[in-house]
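Peer 1: 3D model of this:
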Amino acid sequence: MFEYILRYWTLDAAKSLENRCSVPVDIWDVIEENIPKKYEGGSVCLRKLYNDDFYLLCIELFNSHGLSVGDEIGIYWDPISSSLMFKLLTKICA
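Peer 2: Numbers count the residues shown, from 1 in each chain. Okay, here's the model as predicted:
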């Protein structure tokens, strides 16, 4: 997590995440590359779990694409926009 995201954050934001606080982030949905959609504010956050995994909470984004277990996503931190970039790579048909 540090190598890909936290090294771009302020020390305070990184410490908050490490202390298992929810940290609000912005995320760009770039599935439709010509029409990216931004999700921001308190509806999008990262949080560290007790087993040292992390989770991303963005219910509106996940629901809008009907994401489910097994779908493959790509996600990375863009240091220029200080936000996550999200793309659905593979959709598992149910």
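Peer 1: Kindly list the longest helix within this protein.
Peer 2: helix 11-18 (DSSP state H).
Peer 1: Quick check: mean pLDDT of that helix?
Peer 2: Across helix 11-18, the average pLDDT comes to 93.
Peer 1: So for Y55, what's the pLDDT?
Peer 2: For Y55, the model assigns a pLDDT of 89.
Peer 1: Mind listing the residues bridging to I27?
Peer 2: Beta-bridge partners recorded for I27 (DSSP bridges): Y39, L84.
Peer 1: follow-up on the earlier one: please tell me how far the longest helix of the chain is from the chain's geometric centre.
Peer 2: With Cα atoms, centre = their mean, to the nearest Å as the basis, helix 11-18 stands 16 Å off its chain's centre.
Peer 1: by contact count, what packs against the helix or strand just after that helix?
Peer 2: As assigned by DSSP states H and E, the chain's next helix or strand after helix 11-18 is strand 23-24. In terms of contacts (3 or more Cβ pairs under 8 Å, 6 or more residues apart in numbering; DSSP states H and E), strand 23-24 is packed against helix 11-18, strand 45-48. To be clear about C-beta, it is placed using only N, CA and C from the backbone, and glycine gets the same treatment.
Peer 1: Okay, buried residues for the shortest one please.
Peer 2: It stands for strand 45-48. 45-46, 48 (16 or more other Cβ atoms under 10 Å).
Peer 1: Give me the residue at the spatial middle of the protein.
Peer 2: L56 (4.9 Å; Cα atoms, centre = their mean).
Peer 1: rewinding a little: just the CA coordinates of the longest helix of the chain, formatted as CSV?
Peer 2: C-alpha atoms of helix 11-18 as CSV (Å, rounded to 0.1, in the frame of the first residue of the first chain):
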residue,chain,number,x,y,z
LEU,A,11,1.9,12.1,6.8
ASP,A,12,-1.3,12.9,8.7
ALA,A,13,-3.5,11.2,6.1
ALA,A,14,-1.2,8.1,6.0
LYS,A,15,-1.2,7.9,9.8
SER,A,16,-5.0,8.1,10.0
LEU,A,17,-5.3,5.2,7.6
GLU,A,18,-2.7,3.2,9.5
